[in-house]
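Novice: One predicted model, sequence on top.
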Amino acid sequence: MSNGLVIIPTYNEIENVESIIRAVLALEKPFHILIVDDNSPDKTFEKVEFLQKEFKTQLFLQVRKSKSGLGTAYVHGFKWALQHHYDFIFEMDADFSHNPQDLIKLYDACQTREADMAIGSRYVRGVNVVNWPLSRVLLSYFASVYVKIITGMKIHDATAGFICYRREVLEKINLDKIKFVGYAFQIEMKYRTYCKGFKINEVPIIFTDRTKGQSKMSNSIIKEAVFGVISLRIKKLFNRL
C-alpha cells in the first residue's frame with residue numbers, strides 16, 4: 001500500500017497518458033495514480049482502463065461527464081484521496097512538463113515535515129523553464145510577482161501546478177469553497193494554505209514544455225488569474241475566505 005497518490009487530470013492526453021503512468025509507477029518510491037479524465041473525445045480514459053489490467057492495485061480512474069476545468073478536477077481528486085486515506089497527495093500534469101523523478105523530492109520535503117505543502121518551483125533559483133517562448137516565461141514569472149505583491153505570500157512560483165500536500169492541509173481547507181479553475185486555482189490553493197498557517201516550501205525543478213498534445217492555456221484563464229487574486233485578497237481582508 002502506498003501512502004502517496006499522484007492526481008493527474010486529463011483531457012485529450014492520449015499521446016502522453018501511458019508514458020506518464022509508466023514513468024511514475026516505475027519510480028523507486030511506490031506511488032499510486034488517480035487519473036481524473038473529463039470524458040476526453042480522444043478516449044484517453046479507454047487507454048487508462050486498458051492499463052488498469054496491468055496495474056490493478058496502483059492505477060485508478062475517475063471519468064467525469066464533461067470538460068469542467070482543472071480546478072474542479074483536482075478538487076474531485078483531493079476528495080477521492082482523502083476518502084481513501086492517502087497521507088501525501090500530489091498534483092501533476094500529464095504532459096511531462098513535470099519530471100516524474102521530482103515527485104520523490106516533493107515527497108521527501110513533506111515526509112520529513114520540512115513542508116506541509118511542497119511546490120515544484122520554476123523560479124526559486126532563477127528561471128528554469130525549457131522550450132517556452134519568452135512571452136510565456138515573462139507572463140508566468142511576472143504573474144508570480146503580481147501575486148506576491150497582492151497577497152504578501154513569499155512564493156516565487158505562485159502558478160506552479162506540481163505540488164505535494166500533506167493530507168492535513170486538504171482536510172483543513174474547505175474544498176467546496178474553491179472557486180477557480182486555471183492559474184487562479186493554483187494561486188487559490190497556495191493562498192488558502194498560507195492563510196491556514198501551514199509551512200510552504202519551494203523545491204527547485206526544471207520545467208519542460210510539452211512536446212505532444214495541445215496546451216490548455218487560454219485568455220479566459222489569464223483573466224481569471226489577474227482578477228481572482230484581487231478577489232482572494234478582498235475576501236481575506238473581510239474574513240470571508
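Specialist: Received it, and whenever you're ready, just let me know what you need. On a predicted model such as this, the values are computed, not experimentally measured, just so you know.
Novice: Residue 82 and residue 153: what is the separation?
Specialist: 24 Å (Cβ to Cβ, to the nearest Å). To be clear about C-beta, it is placed using only N, CA and C from the backbone, and glycine gets the same treatment.
Novice: Also residue 98?
Specialist: Counting by Cβ to Cβ, the gap from residue 98 to residue 153 is 21 Å.
Novice: out of the two, which sits in the more crowded spot?
Specialist: residue 98 (26 against 18; other Cβ atoms under 10 Å).
Novice: That one contacts residue 163, doesn't it?
Specialist: No: the criterion here is Cβ atoms under 8 Å, and residue 98 misses it with residue 163 at 9.7 Å.
Novice: Find residues that contact each of these two.
Specialist: Contact criterion Cβ atoms under 8 Å, 6 or more residues apart in numbering; residues shared by residue 98 and residue 163: residue 120.
Novice: For this protein, which element, helix or strand, carries the lowest mean pLDDT?
Specialist: For the chain, counting by mean pLDDT, DSSP states H and E, helix 219-237 ranks last in confidence among helices and strands (a mean of 77).
Novice: what helices or strands is whichever strand or helix holds residue 61 leaning on?
Specialist: Assigned by DSSP states H and E, residue 61 falls within strand 59-63. Contact partners of strand 59-63 among helices and strands, from 3 or more Cβ pairs under 8 Å, 6 or more residues apart in numbering; DSSP states H and E: strand 32-37, helix 44-52, helix 70-83.
Novice: now do 7 Å
Specialist: strand 32-37, helix 44-52 (3 or more Cβ pairs under 7 Å, 6 or more residues apart in numbering; DSSP states H and E).
Novice: nearest to residue 92, of the ones you listed?
Specialist: strand 32-37 (8.9 Å; Cβ to Cβ).
Novice: could you check the angle strand 59-63 makes with that closest one?
Specialist: 20 degrees (axes from the mean of the first three to the mean of the last three Cα atoms, to 10 degrees).
Novice: Around residue 3, count how many other residues there are.
Specialist: Neighbour count for residue 3, taken as other Cβ under 10 Å: 16.
Novice: Now do the nearest residue to it once chain neighbours are set aside, the pLDDT please.
Specialist: Counting by Cβ to Cβ, 6 or more residues apart in numbering, residue 87 is the residue found nearest to residue 3 once chain neighbours are left out, at 4.4 Å. Residue 87 is assigned a pLDDT of 98 by the prediction.
Novice: Flag the shaky bits of this structure, pLDDT-wise.
Specialist: Along the chain, segments meeting pLDDT under 70 span 210-223, 225.
Novice: do that again at 80, thanks
Specialist: 1, 182-183, 210-227 (pLDDT under 80).
Novice: Run through the strands of it in chain order.
Specialist: 4-10, 32-37, 59-63, 88-91, 117-121, 129-130, 163-166, 200-204, 207-208 (DSSP state E).
Novice: Need these in JSON lines (columns: mean neighbour count and distance to residue 46).
Specialist: Formatted as JSON lines, these follow (neighbours: other Cβ atoms under 10 Å; distance: least, Cβ to Cβ, whole Å):
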{"stretch": "strand 4-10", "mean neighbour count": "26", "distance to residue 46": "12"}
{"stretch": "strand 32-37", "mean neighbour count": "24", "distance to residue 46": "9"}
{"stretch": "strand 59-63", "mean neighbour count": "18", "distance to residue 46": "10"}
{"stretch": "strand 88-91", "mean neighbour count": "25", "distance to residue 46": "24"}
{"stretch": "strand 117-121", "mean neighbour count": "25", "distance to residue 46": "29"}
{"stretch": "strand 129-130", "mean neighbour count": "14", "distance to residue 46": "31"}
{"stretch": "strand 163-166", "mean neighbour count": "25", "distance to residue 46": "28"}
{"stretch": "strand 200-204", "mean neighbour count": "19", "distance to residue 46": "34"}
{"stretch": "strand 207-208", "mean neighbour count": "20", "distance to residue 46": "27"}
